[in-house]
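Chemist: Fold the following, please.
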Amino acid sequence: MTTRLHLHLLSDSTGETLENIAKAALAQYDGVETIKHFWPMIRSEANLERILAEIAQNPGLVLFTLVNSDIRRTLETRCRGLGLPAVAALDPVTDALSNMLGQTAKARPGRQHILDAAYFARVDAIQFTIAHDDGIGAEDWEEADILLAGISRTSKTPTSIYLANRGYKTANIPLVVESPPPASLFSLRNPLVVGLTTSVDRLVAVRRNRLLSLNQAPETAYVDEDAVKREIAFARRIFADNGWPVLDVTRRSIEEAAAAIINLYNERMK
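Modeler: I've put the predicted structure just below:
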């Protein structure tokens, strides 16, 4: 049985934070057809009035991140009148922080999007990572924070991009049996080099789907089980010979793999 839910997301900024909170919460429920109504950049009572009319026509759960006390009060009062729950998504966190820090939260919308040094570092990391994908730019690998090595289809590129969005300059290189990597890979001092591996079954399945998506023959050496086993063994020998940490991504999402790599990086930096 499917439950239909109208979900109204109201924010005085871009709404990115609120959307991520809602997405994480909804992932815990099955059989829910969610109709999202996204209302960013709410900065005036007049703007809110138009939105309240839409909420009345499509009643459901209201989540908001609004720092203006007058706009908040109006929203909460009108939602009570409609018999709808209105949840301030960040209030428990800001209240706890205020108690711990002995400070009152600054009522400034969008403060997390200020273009500070961390923002520009993240942009720099993304540019570096895109320019050093799939073995490109070996002469600059020493500038990387993290380098991911592994055979084809072990999630090197998507994991690199995710890490870059977290501010880590990340390069990645494919390990190919027929084409040994450059010698400079084995003498790097700065980047944390992590070997990515996965199970034979998963790798064969991923590669076969890749070939099908490209309208190529699904049965080649690229997906031959024995050949894949040799590739994985080849990569593992390289990892072991160089003492690199190895991460098995068989049952890990990109986010989980990246979190594990960040933990390895932080341990190294202690």
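Chemist: Now do the residue nearest to A138 when sequence neighbours are not counted against E139, distance only.
Modeler: Closest residue to A138 apart from its sequence neighbours, by CB to CB, 6 or more residues apart in numbering: P182 at 5.2 Å. No exception for glycine: its C-beta is placed from N, CA and C like everyone else's. Look at P182 and E139: by CB to CB, to the nearest Å, they are 9 Å apart.
Chemist: more neighbours, the two?
Modeler: With neighbours defined as other CB atoms under 10 Å, P182 and E139 compare such that P182 has more, 12 against 9.
Chemist: Report whether the expected contact of that one with I136 is present.
Modeler: No. P182 is beyond contact range of I136, at 11.6 Å (criterion: CB atoms under 8 Å).
Chemist: pretty sure E267 is in a helix, no?
Modeler: Yes. Assessed by DSSP: H, G, I helix; E, B strand; the rest coil, E267 belongs to a helix.
Chemist: Report pLDDT for it.
Modeler: E267 is assigned a pLDDT of 92 by the prediction.
Chemist: Then D224?
Modeler: Listed pLDDT for D224 reads 93.
Chemist: Around it, count how many other residues there are.
Modeler: As a measure of burial, D224 has 14 neighbours, counting by other CB under 10 Å.
Chemist: Need the contact partners of stretch 187-200.
Modeler: Contacts with stretch 187-200, where a contact means CB atoms under 8 Å, 6 or more residues apart in numbering, come from 141-151, 153-156, 159, 171, 185, 206, 225, 228-229, 232, 235-236, 238-239, 242, 244-250, 257, 261, 264-265, 268.
Chemist: how about 7 Å then?
Modeler: 141-142, 144-150, 154-156, 225, 228-229, 232, 235-236, 239, 244-250, 261, 264-265, 268 (CB atoms under 7 Å, 6 or more residues apart in numbering).
Chemist: where's it relative to the chain centroid, distance-wise?
Modeler: On the basis of CA atoms, centre = their mean, to the nearest Å, stretch 187-200 sits 20 Å off its chain's mean C-alpha point.
Chemist: end-to-end on that stretch?
Modeler: With CA to CA, to the nearest Å as the measure, the ends of stretch 187-200 fall 29 Å from one another.
Chemist: What about H37, how many residues nearby?
Modeler: 16.
Chemist: Spatially nearest residue to it, not counting backbone neighbours?
Modeler: Nearest to H37 is H8, by CB to CB, 6+ apart, at 4.7 Å.
Chemist: all helices of the stretch 101-250 of the chain, in order?
Modeler: 117-131, 156-165, 200-213, 225-242 (DSSP state H, counting those that start in this stretch).
Chemist: Check the ones you listed for me: which has the lowest mean pLDDT.
Modeler: Among the helices of the stretch 101-250 of the chain, helix 117-131 has the lowest mean pLDDT, at a mean of 87.
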